[in-house]
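for reference, the sequence and a predicted model appear below.
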Amino acid sequence: MPYYTAIVTLLAVALYFFLATRVAAARGKFNVKHPATTGNPDFERIFRVHINTLEWLPTFLVPLWLCAIYLSDVTAAALGLVWIVGRAIYFAGYSQAVEKRLPGFFIQALACLLLFIGAAAGVVMHLSGR
């Protein structure tokens, strides 16, 4: 059972929940009323971090779990933590300026790529009987 990956999954969901609270706080701070998602650039950047994280969750969670099941729980969990750190850096940067989002984006994208490679390698090894 991939226990470490389960913990990382919960941490990723906690991060997503945290980002939702930042959107709610930004609505009040920048006076953006529901259902609007535009109107203030500072709000829009925080909103985009939240939505972009939602867009990336399937791309992250599927290879995370496949890597954990077919290759290594510890490897998957470690890369999952890198993804979470990358998303946190993405949030911190993008909240300040559009240009500052890239370091976090590249960190989390690399973590996803490595998880995908690990998942694919694990599945191939499993299929070949190794």
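Here it is on my side, so go on.

for Asp91, give its distance to Arg45.
You called it Asp, but residue 91 is Phe. Phe91 sits 10 Å away from Arg45 when distances are taken as C-beta to C-beta, to the nearest Å. From N, CA and C alone the C-beta is placed, and that goes for glycine too.

quick one: which of these two has more around it?
A direct count of neighbours by other C-beta atoms under 10 Å for Phe91 and Arg45 places Phe91 higher, at 22 against 19.

now the more buried one: how far from Leu15?
Phe91 is 8 Å from Leu15, where distance means C-beta to C-beta.

could you do Asn31 as well?
Using C-beta to C-beta, we find Asn31 at a distance of 26 Å from Leu15.

so between those two, which is more surrounded?
Each of Asn31 and Leu15 had its neighbours counted (other C-beta under 10 Å), and the higher figure belongs to Leu15 (18 against 11).

tell me which helix or strand Gln108 sits in.
Element membership of Gln108 [criterion: DSSP states H and E] is helix 102-127.

and that helix, what's buried?
Across helix 102-127, burial judged by 16 or more other C-beta atoms under 10 Å covers 104-105, 107-109, 111-112, 114-116, 118-119, 122.

I appreciate the help and will end here.
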